[in-house]
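**Q** what follows is a predicted structure for the sequence shown.
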Amino acid sequence: MARADVRPNTAEGLIDPAALMAVKDLELRARIVVEGFWKGIHRSPYHGFSVEFTEYRPYTPGDDPRYLDWRLYARTDRYYIKKFEDETNLRCHLLVDNSRSMTYGSLAWTKAQYAHTLAATLSYLLSTQGDAVGLLTFDDTIREYLPARNRPGHLRHLMLMLEKPAAGSGTDINAALNRIIEVVRRRGLVVLISDLLTSLESLEANLTALAAWGHELMLFQVLDPAELSFSFNDASIFEDVESRRGLYIDPGAARREYLRRFEAHNAAVQTIADKIGASYVRFGTDRPLELALFDFMRARMQRTKLTRRTGGVVMRRE
Amino acid sequence: MEFLAPLFLAGAAAVALPIIFHLIRKTTKEKTIFSSLMFLFPTPPKVTRRSRLDNILLLMLRCGVLCLLALGFARPYLVRPSNGNAGSGMGKKVMILIDTSASIRRDNLWAQERERVSDVLQRLSPVDEAALASFDDHSAEVLGFDEWRRTPVQERRALALARLETLAPTWRGTHLGNALLNAVEGLVQEARGDGSAGTPRPTEGPREVVVVTDLQQGSRLDGLQGFEWPKGVKVRVEQVKAKQPSNAGIHLLEERDDAGPAGDLNRRIRVVNSSDSKREQFKITWVGGTNTPIETYVPPGQSRILQLPPGGLNQGQLLLSGDDNDFDNRLHWVGARQSQVSIPYLGTETEDDTTQPLFYLKRAFQQTARQDVRITNQIATNTPLTILSGAAGTPRPAGSVLVVLKACGSAVAVSELLNLGTLSCEEASDQKYSLLAEIDFTHPLFKPFADPRFSDFTKIHFWKHRRIDAQQIPNGRVIARFDNGDPALIEAPLGQNKILILTSGWQPADSQLALSSKFVPLLYSLLEYTSNERPLHLQFEVGQTLPQGFGSPREAPGIHSAGDVQFAVNLNPAESKTAPMAIDELEQLGVPIAVLSQARGDARPPSAQKFQATEAENHQKLWRWLILGALGFLVIETLLAGKITGRASATSLSQPELR
């Protein structure tokens, strides 16, 4: 079999992905990544109860009358809305692509294994902080759904779900996004982990709908180094893992066109992400997972700053 | 080269397989799994020099193996060059035999035959030589090879056709065997160059006898058995067939002498139905008679014997109706005439005395259809035979005389008849009995007994006989002697007639002769011998040699006359067997059949073609060589492929894969 000439990127001081992937247990893998990592407190986008008071602002018609400070009204005879900044629990939903295209891997591990490790790492990180983590796996339909919770045993349950092998013949991200829109009514973090090697036709609409619900969106695109560089040499029949369709491809002749179309696809994803204000990070499976966590944190911090700057404050009902 | 199973040649199309494998080897061998083809388009396979043809020799070997196998399975055979001489530059000699027997009168067979002959002549090339002969029960040359050669090339066919026009079917039987042998003899003589001087030298080439015939079952084939056919002579049968095969024939059976005076029993006919006949019911009637016809049922291939229908006629014509072909439907019949013969017995015995010869003599001659023999005691003038038993002083009879020496006294009569002085005679009683030992079976009297089945006279004991000296009788000839050397029967001329002296009697006191089975035949033999006349036979076949006085053989059936005698001439009964004979019968007799031509043109029957092809293929067995060749190719291919693979793996080992 023609294999892509790919060498894993290893950085000084970081865990070699090959060594990490050699660990069989997914939970242990996640713990290894998280341990020693910065346990930062991140700001919740959700403003809820028993949180720190921030400010008052005059009531304007259209504000929810529930958040009026009646005591102040009694004192001043003016309507004020009381605002809080709440450090509440984050509700994070991980949308993991479990389609057969994720089973491809030119390294010793597949994209699916890498994506599962990433999902497990995030779950572990979040649950150790007391955040609720939910999971939804999908291929051409919804496979598994675990609502976001933070209770003993939930993380274990989640890990077991992630360990299920990939199946399905296609990738339908839209189905997963629609389901999340239907099920998750409270705002939270939605992390989509996929290779995004699918049609982008209605992706934008669904992501926009999700963002409109107030969800914070993060797109983690997991790609194999071979897909990134298309570094094959010998001409052969290339067979699609999902559809089993075969095409005779001479890589030397097809590489330039492949890369052009591939980059165009990724650029389209980037455009969608920018449009709806989602974070979009692309991973090669040869990249150390800590870096992914850094990306995650950085995106979260930027988001928090942005929220603060734009006055991400809600009224508190008393 | 032709093929017995040409369908197998389609297997040669498998030659395309190695070529296709060779060409697509590079494009289908490796498979690469990839996550998604959404950014990929198929690249047209590059036909590089490598992927086009790597090992042309290997490819050719594999193709060769397949081709040889396909050829082998198709079972090829070479068509023998002797079958056709076109383009060989050497003319063939063709003897065309035309069947003109009576059976050709059926249907339109004669027209068919003429067409066939015309076709055969048409197919001859200018270098070929032909001769024509007709045959029925004998062959006759119509056009010889010499005459053919003398005739200008462009006029030869016309000449042959003109000669053909002079022929017509005869009424005779068919003797195919003789015709074939004569034809072969003619061909062999031609090959020896026995042609008359001054004619061009006969060409050397294949020789062929073309027989245009209906090949009926009634054809006689005797003579072919055991005949050694010269090499290079082939017989081709151009068979003509009647559209309406039903044929029945009517024939007279041999008359029976023991049937009494011209009784109905000896008027018997046989109705024969040919085996390919479609009809079974026939009617037989007298032509011009008023009696109701006899109806008879004869299944195909069988015959039935019937009494002649009552008509009271002594001669006439019987007509059979109910079949399709009438050439053999008429039977001409002339009843036998009874001749009256009286034999004087000159003796002193009474008729009822069982101890005397006369008693036995009277009972020996019975009345038959042809003869009525009467024993009288009066001397007749026109009798062929007179029997004397002792009495002397009788006047000399008109015809021949048989003297029975029942006592020595009868010797006087002999000496009187022969004008001898005395004839010594004594009773021979030196032994208990005597037997006939030396019999001259070449003598007409004993000729009927010459066959070893009938020649045993030792059962007849002669108790007494008289010893006379044969030397005393002028020109006396001893026809039979007793075992002691005494003459038993002496013959001597008596004027224009003969005198026969039997030295014993046939009555029981002298011998057992009267009681033996030889007695009656011997008396009839004696009567025939002395009268020089056989009972008249009045039924003959067309072409049959007739007795003296009847003239030359008659060529047409009918009632003919010779002087005041009328006789019937009919067809050969075998001619009624008109069902076609199987060609295998000729082959079994060793006739080298070339091709059986049944339809017009050169279309051979498929079975004969296939048989010949199978024979040729079995004989040549070319497929063995082809399979052997294929095996040889495979061995070379294996060695070559092994060498190439070894070289390739050695190269790949020396260059480890970089990954």
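**A** Looks like it came in fine.
**Q** mind giving me the domain split of the chain?
**A** All of this is about chain A. Domain assignment for chain A, taken from automatic domain parsing, gives A:17-40+A:90-304, A:52-85.
**Q** my question was about chain B, not that one.
**A** When chain B is parsed with automatic domain parsing, its domains come out as B:2-74+B:633-654, B:82-241+B:580-616, B:248-334+B:569-576, B:339-531.
**Q** got JSON lines for these, with distance to residue A:180 too?
**A** Where C-beta positions appear, they are placed from N, C-alpha and C, glycine not excepted. Listed next are these as JSON lines, based on distance: least, C-beta to C-beta, whole Å:
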{"stretch": "domain B:2-74+B:633-654", "distance to residue A:180": "24"}
{"stretch": "domain B:82-241+B:580-616", "distance to residue A:180": "82"}
{"stretch": "domain B:248-334+B:569-576", "distance to residue A:180": "98"}
{"stretch": "domain B:339-531", "distance to residue A:180": "128"}
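**Q** can you tell which of those domains is closest to chain A?
**A** Chain A lies closest to domain B:2-74+B:633-654 among the domains of chain B, at 3.6 Å (C-beta to the nearest C-beta).
**Q** could you give the mean pLDDT of the closest one?
**A** Here domain B:2-74+B:633-654 scores 77 as its mean pLDDT.
**Q** ditto for stretch B:430-448
**A** For stretch B:430-448, the per-residue pLDDT averages 88.
**Q** who does the helix or strand that contains residue A:157 touch, helix- and strand-wise?
**A** According to DSSP states H and E, residue A:157 maps onto helix A:154-162. Taking 3 or more C-beta pairs under 8 Å, 6 or more residues apart in numbering or on different chains; DSSP states H and E as contact, the helices and strands that helix A:154-162 lies on are helix A:26-34, helix A:111-128, strand A:132-138, strand A:142-149.
**Q** which residues does it contact?
**A** Residues from elsewhere that reach helix A:154-162, judged by C-beta atoms under 8 Å, 6 or more residues apart in numbering or on different chains: A:26-27, A:30, A:96, A:116, A:119-120, A:123-124, A:127, A:133, A:135, A:137, A:144, A:146.
**Q** can you pull the buried residues of it?
**A** For helix A:154-162, a neighbour-count test (16 or more other C-beta atoms under 10 Å in any protein chain shown) marks A:154-155, A:158-159, A:161-162 as buried.
**Q** who are the neighbours in contact with residue B:468?
**A** B:405, B:411, B:414, B:423-425, B:487, B:490, B:501, B:503.
**Q** tell me the contacts of the closest residue to residue B:446 other than its chain neighbours?
**A** Excluding the flanking residues, the one nearest residue B:446 by C-beta to C-beta, 6 or more residues apart in numbering or on different chains is residue B:439, at 5.5 Å. By C-beta under 8 Å, 6+ apart, the contact set of residue B:439 is B:446, B:449, B:455, B:457, B:479-481.
**Q** in the stretch 1-150 of chain A, where is pLDDT below threshold?
**A** A:1-15, A:35-54, A:84-89 (pLDDT under 70).
**Q** and the residue of it found nearest chain B, what is it in contact with?
**A** The stretch 1-150 of chain A approaches chain B most closely through residue A:104 (3.6 Å), counting by C-beta to the nearest C-beta. Residues counted as contacts of residue A:104 (C-beta under 8 Å, 6+ apart) are A:110-111, A:224, A:226-227, A:241, B:33-35.
**Q** looking at the residues you listed, which are in helices?
**A** A:111, A:226-227 (DSSP state H).
**Q** could you single out the most deeply buried of the domains of chain A?
**A** domain A:17-40+A:90-304 (a mean of 19; mean count of other C-beta atoms under 10 Å in any protein chain shown).
**Q** packing partners of the host helix or strand of residue B:363?
**A** Using DSSP H and E, residue B:363 falls within helix B:357-364. Packing partners of helix B:357-364 (3+ C-beta pairs under 8 Å, 6+ apart): strand B:371-376, helix B:519-531.
**Q** cutoff 7 Å now
**A** Secondary-structure packing of helix B:357-364 (3 or more C-beta pairs under 7 Å, 6 or more residues apart in numbering or on different chains; DSSP states H and E): helix B:519-531.
**Q** list the contacts of the helix it packs on.
**A** Helix B:519-531 has contacts (C-beta atoms under 7 Å, 6 or more residues apart in numbering or on different chains) with B:341, B:364-365, B:384-385, B:399-400, B:402, B:444-445, B:448, B:498, B:506, B:513, B:534.
**Q** who does residue A:68 bridge with?
**A** residue A:81 (DSSP bridges).
**Q** wait, what's in contact with the residue nearest to residue B:104 when sequence neighbours are not counted?
**A** Distance criterion C-beta to C-beta, 6+ apart; nearest residue to residue B:104, sequence neighbours excluded, is residue B:169 at 4.2 Å. When the contact criterion is C-beta under 7 Å, 6+ apart, the partners of residue B:169 are B:100, B:102, B:104-105, B:110.
**Q** now do the helices in the stretch 151-300 of chain A.
**A** A:154-162, A:173-183, A:203-212, A:225-229, A:251-276, A:289-309 (DSSP state H, counting those that start in this stretch).
**Q** need those helices in a markdown table with mean pLDDT and distance to residue B:631, can you?
**A** As requested, those are exported to a markdown table (pLDDT from 0 to 100; distance: least, C-beta to C-beta, whole Å):
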| stretch | mean pLDDT | distance to residue B:631 |
| --- | --- | --- |
| helix A:154-162 | 87 | 63 |
| helix A:173-183 | 81 | 64 |
| helix A:203-212 | 84 | 67 |
| helix A:225-229 | 87 | 50 |
| helix A:251-276 | 88 | 45 |
| helix A:289-309 | 69 | 66 |
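**Q** list the residues that contact residue 171.
**A** Reading this off chain A. A:97, A:99, A:101, A:139-140, A:194, A:197-198.
**Q** try chain B instead
**A** B:102, B:542, B:555-557, B:571.
**Q** and these, which two are the farthest apart?
**A** The span of these, defined through C-beta to C-beta, is set by B:555 and B:571 at 11.6 Å.
**Q** look up how far residue B:492 lies from residue B:523.
**A** According to C-beta to C-beta, to the nearest Å, residue B:523 stands 20 Å off from residue B:492.
**Q** which of the two has more neighbours?
**A** residue B:523 (21 against 18; other C-beta atoms under 10 Å in any protein chain shown).
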